[in-house]
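Visitor: mind folding the following:
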Amino acid sequence: MKNISVQIVEMLFEKPLEVLEFGKPQSQGNMTVIPIIYKGKTLEFISVKEAEELGLISINETDTVSQLEVINNSDQQVLIPFGVTVHGGKQDRTIWEPILLAAGGKQNISGSNKGSMEQKYTIPAKCVEQSRWNYRKGRGFKASSTRLHPNVAYAAISSAGQGSVWDEIQAYRTEMNYNNKIAPTQSYLEMTENIDRETEKIVSSFKNVENQCGIAAFINGEFIGIEFYANAQVWGVMSKDILKAFAIESLRFKDKPFNGNPDLSEVQLIKTLQNLKLNFSARKGIGLGEVVEFESIDSKWRGNTLVHGNSLVQFYIVSKRGGSTQTNRRMNQREQFFQTNISQRYI
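Guide: Next up is the predicted model:
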């Protein structure tokens, strides 16, 4: 029997209008977004950024590059979305799967010391700052306002991928012609700070509509990806960061021509979703729910979502365009060295 979480995600692709409602397109330069309203069950949770502002969550360094420690003291469920980047510790990191922490963090969902009042979670991370391994301001991290843009996010979605993430960050550096004085530690966050003024101009032109939970994004007339949440308030908190990630992508292609006269209508978007040929896999999430990952047969599209209570807590899908062109042999060698082993999450 097919996994129920996978069935729920498949429904979105097979019958999008039973899951989503689409607003009118909004455009700025070569970027267009279509607002998304989620028609599924709304879940009550707050974002990691809200929890941080209230002093209810902490993210700390561990002895393993691929793991961080999180302590949740909130009396609410806290979502750490896929693609969030955190600054601090010995290296900046990104969280490579969506994680919903139980209210109060009073459960040790790691599988050890069951029944205890342990509040610590061990979560998987990938490095987005290749050339630093020293503390600047202690062991702690803070969520940044920079999310991964689609090509880097595409590389991050999987149980492996550290070498690919670094390759995409370096490809981005080359594409944007950043000199050696910009981000000397190869920090993705510092690289993107270089274009904050440009991305802010793009982001500020888009306005949320009532009950909006996400967006479908187009760059140069091509559908590039979707992100939405099962909570409109969390979307409101995270929306600027998400728009910024797609704005970074738009600047990558600002000098490229539009492909004809694209139809950016709801009908075209639905057709695209229905025509994707995807393979799905599911696994238990670190906190609540199940993580469903999917990739297109042609390897152009990749995404993940967290399913909890029969609702899509966070849904994310993007396509890869351009970027790293490393040979498979070199990438495989790097993956073997930098692979994040799921079985080591809870050491």
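Visitor: now Gly236: phi and psi?
Guide: When read as degrees, to the nearest 10, the backbone of Gly236 gives phi -60, psi -40.
Visitor: oops, could you answer that again for Ala155 instead?
Guide: According to degrees, to the nearest 10, Ala155 has phi -70, psi -30.
Visitor: so who does it touch?
Guide: Contacts for Ala155 (CB atoms under 8 Å, 6 or more residues apart in numbering) come out as Gly161, Ser164, Val165, Asp167, Glu168, Lys320, Ser324. C-beta coordinates here come from the backbone N, C-alpha and C atoms, glycine included.
Visitor: could you redo the last one with a cut-off of 6 Å?
Guide: Shown in contact with Ala155 (CB atoms under 6 Å, 6 or more residues apart in numbering): Gly161, Ser164, Val165, Glu168.
Visitor: skipping its backbone neighbours, what lies nearest it in space?
Guide: Ser164 (3.9 Å; CB to CB, 6 or more residues apart in numbering).
Visitor: residue ranges with poor pLDDT in the stretch 101-250 of the chain?
Guide: 105-119, 159-160 (pLDDT under 70).
Visitor: which residues in it form helices?
Guide: For the stretch 101-250 of the chain, the helices defined by DSSP state H, counting those that start in this stretch cover 150-156, 162-175, 188-193, 196-203, 232-252.
Visitor: for Met238, see how far away Asn3 is.
Guide: Computed as CB to CB, to the nearest Å, the Asn3 to Met238 distance reads 27 Å.
Visitor: cool, Phe206 as well?
Guide: Phe206 is 13 Å from Met238, by CB to CB.
Visitor: more neighbours, these two?
Guide: Shown here are Phe206 and Met238; by other CB atoms under 10 Å, Met238 has more neighbours (25 against 19).
Visitor: so what's the more buried one up against?
Guide: Contacts of Met238 (CB under 6 Å, 6+ apart): Ser47.
Visitor: how close does it sit to Tyr316?
Guide: From Met238 to Tyr316 the distance is 12 Å (CB to CB).
Visitor: cool, and Ile215?
Guide: Taking CB to CB, one finds Ile215 at 11 Å from Tyr316.
Visitor: list the helices and strands the stretch of helix or strand Glu10 belongs to packs on?
Guide: Assigned by DSSP states H and E, Glu10 belongs to helix 4-14. Secondary-structure packing of helix 4-14 (3 or more CB pairs under 6 Å, 6 or more residues apart in numbering; DSSP states H and E): strand 278-284, strand 290-296, strand 301-308.
Visitor: got those as CSV, with mean neighbour count, mean pLDDT and distance to Leu189 columns?
Guide: Shown next, in CSV, are these (neighbours: other CB atoms under 10 Å; pLDDT from 0 to 100; distance: least, CB to CB, whole Å):
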stretch, mean neighbour count, mean pLDDT, distance to Leu189
strand 278-284, 14, 96, 29
strand 290-296, 21, 97, 25
strand 301-308, 24, 97, 22
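Visitor: among these, which is nearest Val267?
Guide: Closest to Val267 of the helices and strands packed on helix 4-14, according to CB to CB: strand 301-308, at 19.4 Å.
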